[in-house]
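Peer 1: Sequence and predicted model, in that order:
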Amino acid sequence: MHPQFSDNELRIVSYTERHDTSRFNSTEKKLNDFLKEDALGNQQRLISKTYLCCHSNQLIGYVTLTADIIRKKDVWRDDRIETPYKEYPAMKIARLATDKKYEKRGVGTFLLLTAIGIAADMSEKVGCRFITVDSKRHSIRFYEKHGFKLVKKYEKRDHPTMYLDILPAIEEMKPITTELSDFI
């Protein structure tokens, strides 16, 4: 078993035409096909944005993000925001994949934390309170480990919807960013 990557060994780049994705090979054919055949086109049509995770200039994972909403009634009662609105703004993790040669080394967690960081940054520019994902059944535990909750109504689906309230994460980061601003 290979050791976990440390965060400073991995880097995130926006997917462009100059990146070679031909050798990317996750365990999910649909995720491989999306990256190689659809991701750039969707990006050019402003449907989604894909970020590549690289280690030593080697593509080892990716995450694709898009806009979403989550219905107030689908959010657990303790996560509901008191507003007159029936829906909340969200960012959706449309795809998240790790090359099978690099599984179980922290790449998926790194990509998920990157997505949370992007959502936090986005929330400073436009409303974005939640992150959603239609999880594969075998990935539910991964997302739950990182604080995501199942939408009860969809838990029996092949790809049940899950969500994460990002406000606690943003509030947790505030002291760190305040400390960092003292040095800038």
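Peer 2: Arrived safely, thanks for sending. Quick caveat, the model's predicted, so the values are computed rather than measured.
Peer 1: any idea which element the spatially closest residue to residue 48 that is not a sequence neighbour lies in?
Peer 2: Take residue 48 and drop its neighbours on the chain: the residue closest to it by CB to CB, 6 or more residues apart in numbering is residue 66, 4.1 Å away. (Each C-beta comes from the backbone N, C-alpha and C, glycine too.) Using DSSP states H and E, residue 66 falls within strand 58-71.
Peer 1: Which neighbouring elements make contact with that strand?
Peer 2: Helices and strands touching strand 58-71, as assessed by 3 or more CB pairs under 8 Å, 6 or more residues apart in numbering; DSSP states H and E, comprise helix 39-44, strand 49-55, strand 87-98, helix 107-123, strand 130-134.
Peer 1: export the fourth one as PDB, just CAs?
Peer 2: The C-alpha atoms that make up helix 107-123 are tabulated as PDB, following Å, rounded to 0.1, in the frame of the first residue of the first chain:
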ATOM      1  CA  VAL A 107      -6.600  12.400  -3.500                       C
ATOM      2  CA  GLY A 108     -10.400  12.200  -3.200                       C
ATOM      3  CA  THR A 109     -10.200  14.100   0.100                       C
ATOM      4  CA  PHE A 110      -7.900  16.700  -1.400                       C
ATOM      5  CA  LEU A 111     -10.400  17.200  -4.300                       C
ATOM      6  CA  LEU A 112     -13.300  17.400  -1.900                       C
ATOM      7  CA  LEU A 113     -11.500  20.000   0.300                       C
ATOM      8  CA  THR A 114     -10.700  21.900  -2.900                       C
ATOM      9  CA  ALA A 115     -14.400  22.000  -3.800                       C
ATOM     10  CA  ILE A 116     -15.300  23.200  -0.300                       C
ATOM     11  CA  GLY A 117     -12.600  26.000  -0.700                       C
ATOM     12  CA  ILE A 118     -14.100  27.000  -4.100                       C
ATOM     13  CA  ALA A 119     -17.600  27.100  -2.600                       C
ATOM     14  CA  ALA A 120     -16.400  29.200   0.300                       C
ATOM     15  CA  ASP A 121     -14.700  31.600  -2.200                       C
ATOM     16  CA  MET A 122     -17.800  31.700  -4.300                       C
ATOM     17  CA  SER A 123     -20.000  32.500  -1.300                       C
END
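Peer 1: Pull out the buried residues from that helix.
Peer 2: Burial within helix 107-123, assessed by neighbour count using 16 or more other CB atoms under 10 Å, is assigned to 107-112, 114-116, 118-120, 122-123.
Peer 1: Would you mind pulling up the elements that it packs against?
Peer 2: strand 49-55, strand 58-71, strand 87-98, strand 130-134, helix 167-181.
Peer 1: Same question for the last one.
Peer 2: Here strand 130-134 is seen to pack against strand 58-71, strand 87-98, helix 107-123, strand 161-165 when contacts are counted using 3+ CB pairs under 8 Å, 6+ apart.
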